[in-house]
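*Asks:* Have a look at this prediction, sequence included:
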Amino acid sequence: MEEFHKVRRLPPYVFEQVNRLKASARAAGADIIDLGMGNPDLPTPKNIVDKLCEVVQDPRTHRYSSSKGIPGLRRAQAAYYARRFGVKLNPETQVVATLGSKEGFANMAQAITAPGDVILCPNPTYPIHAFGFLMAGGVIRSMTVEPDESFFPPLERAVRHSIPKPLALIINYPSNPTAHVASLDFYKDVIDFARKHDIIVLSDLAYSEIYFDENNPPPSVLEVPGAMDAAVEFTSMSKTFSMPGWRMGFAVGNERLISALTRVKSYLDYGAFTPIQVAATHALNGDGSDIAEVRAVYKRRRDVMVESFGKAGFEVPPPAATMFAWAKIPEKFRHLGSLEFSKLLVEKADVAVAPGVGFGEMGDDYVRLALVENEHRIRQAARNIKKFLSSADETMHNVISLNGRR
Ligand SMILES: Cc1ncc(COP(=O)(O)O)c(C=O)c1O
């Protein structure tokens, strides 16, 4: 029987293949160190959990909630933007709460896309950026990720040669998976370009608070004068407050776009459970100490990973932000491609990583390492990998060609 039209647009998740291997290795008793999925392992701060427990006792909170977010939550998000970026938002018209930023992004795609609309999307990138629009009937044109002057010539070509002219440009800095961070000057050029060509900018700022240079926190695209004409930005509580399972995020910015998303959502959901919205409000209105602690943990893990993997013969460039390192596959194994290399690491080193190809074809020389295991286990992963790399010449020749070509 033929697959349904929408399902055909969703190829099997590449990560699933590594997950399956991981599950069977674990079932056979292996202790797999999992640097694969970007699923924060830190507990949500106690004061946020306590707030949830307190509010859930009140039966009035058990009813349907507000799809676009309770007013206090939207005000708290506007206050965060004012404090952190100096950006003024009207909580009534320029802020909508979402069930995680992933839901918000996907439903924005549903809200604004007509069949065949062209979307400019980084490659490699977090999969929902492309698949949200593919599901909505859009067509993806791949762009580069590096936030420098090399970014713009492909954009210019896309505007000149795409039919129809592109509807939207997706940007995601700090980037998942590459960890690139954009400057405000870069965002100025992006907004200039978007306004000149009447293109919508969708900025995914899920890693706004996970950065390691205290003097250089990632900016918001909305800081650029005039950005509100063209852009919306998505943020998330998942990483900032270690609340991935709570499903709480936001879209803010251009009123027409926020109104379109709010409208679509009003047909689909009743918003997050009210106690979650109240606890999220409490988190956003906090003094920032919870965020600083999360950042410090990821920074220590990053330093341990860069040092121990480097010593093991697997060079990992230090990411300036996000909870990921984006590392080139060691030369000898690069021809295998990232999926085969990732499978080998599970089978031979008990380490799971995310194959770069899962983020787009341009990622195939890389793997993504998530900082979601503690320092001790990151060191253990490095030892396992060292052993695997140093014995590969003797033990792998029957399994794979180490000189072959992809
Ligand atoms: C770049 C990026 N955007 C969005 C998300 C989704 O986050 P949320 O939990 O808010 O849906 C993630 C999660 O990994 C991400 O890396």
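*Replies:* Received the coordinates, thanks.

*Asks:* Run through the residues that contact the residue in the stretch 51-200 of the chain positioned nearest to the ligand.
*Replies:* The nearest approach of the stretch 51-200 of the chain to the ligand comes at residue 100, 2.9 Å away (C-beta to the nearest ligand atom). For glycine as for every other residue, the C-beta is placed from the backbone atoms N, C-alpha and C. By C-beta atoms under 8 Å, 6 or more residues apart in numbering, residue 100 lies in contact with 236, 238, 244, 247, 248, 249.

*Asks:* Torsion angles phi and psi at it?
*Replies:* In terms of degrees, to the nearest 10, the main-chain angles of residue 100 are phi 80, psi 160.

*Asks:* now the one 10 residues further on
*Replies:* The main-chain torsion angles of residue 110 are listed as degrees, to the nearest 10 and equal phi -60, psi -40.

*Asks:* quick one: pLDDT of it?
*Replies:* Predicted confidence (pLDDT) for residue 110: 97.

*Asks:* Relative to residue 283, how far out is it?
*Replies:* Distance, residue 110 to residue 283, using C-beta to C-beta, to the nearest Å: 28 Å.

*Asks:* Looking at these two, which has the bigger crowd around it?
*Replies:* residue 283 (24 against 17; other C-beta atoms under 10 Å).

*Asks:* Point to the residue nearest the middle of the chain.
*Replies:* For the chain, the residue nearest the mean C-alpha position is residue 176 (4.6 Å; C-alpha atoms, centre = their mean).

*Asks:* Return the distance of stretch 141-152 from the chain's centre.
*Replies:* Its chain's C-alpha centre and that of stretch 141-152 lie 18 Å apart, by C-alpha atoms, centre = their mean, to the nearest Å.

*Asks:* got the buried residues for that stretch?
*Replies:* 141, 142, 143, 145, 147, 151, 152 (16 or more other C-beta atoms under 10 Å).

*Asks:* Go through those residues and name the one nearest residue 79.
*Replies:* residue 147 (27.8 Å; C-beta to C-beta).

*Asks:* Give me the distance between that closest one and residue 278.
*Replies:* 37 Å.

*Asks:* Among the contacts of residue 100, find me the one that's closest to residue 104.
*Replies:* residue 249 (5.5 Å).

*Asks:* Isn't the closest one up against residue 106?
*Replies:* No - counting by C-beta atoms under 8 Å, residue 249 sits too far from residue 106 to count as a contact (11.3 Å).

*Asks:* residues touching whichever residue of the stretch 301-406 of the chain sits closest to the ligand, list them.
*Replies:* Using C-beta to the nearest ligand atom, the single residue of the stretch 301-406 of the chain nearest to the ligand is residue 322, 7.6 Å away. When the contact criterion is C-beta under 8 Å, 6+ apart, the partners of residue 322 are 174, 175, 176, 179, 207, 210.

*Asks:* and the third one, which of the three is it?
*Replies:* What it means is residue 176. coil (DSSP: H, G, I helix; E, B strand; the rest coil).

*Asks:* close enough to count as contact, it and residue 207?
*Replies:* Yes - under the criterion of C-beta under 8 Å, residue 176 makes contact with residue 207 at 6.9 Å.

*Asks:* List the contacts of the residue nearest to residue 34 when sequence neighbours are not counted.
*Replies:* Excluding its sequence neighbours, the residue lying closest to residue 34 (C-beta to C-beta, 6 or more residues apart in numbering) is residue 352, at 4.7 Å. Neighbouring residues of residue 352 by C-beta under 8 Å, 6+ apart: 18, 22, 32, 33, 34, 35, 36, 342, 345, 346.

*Asks:* So what's the predicted local confidence for residue 352?
*Replies:* Confidence at residue 352, expressed as pLDDT, is 97.

*Asks:* What's the separation between it and residue 36?
*Replies:* From residue 352 to residue 36 the distance is 4 Å (C-beta to C-beta).

*Asks:* Identify the contacts common to the two.
*Replies:* Common neighbours of residue 352 and residue 36 (C-beta under 8 Å, 6+ apart) are 18, 22, 342.

*Asks:* So which of those residues sit within strands?
*Replies:* In strands, judged by DSSP state E, none of the shared contacts of residue 352 and residue 36 are found.

*Asks:* Considering those, which possesses the most neighbours?
*Replies:* When neighbours are counted by other C-beta under 10 Å, residue 342 leads the shared contacts of residue 352 and residue 36 with 29 neighbours.
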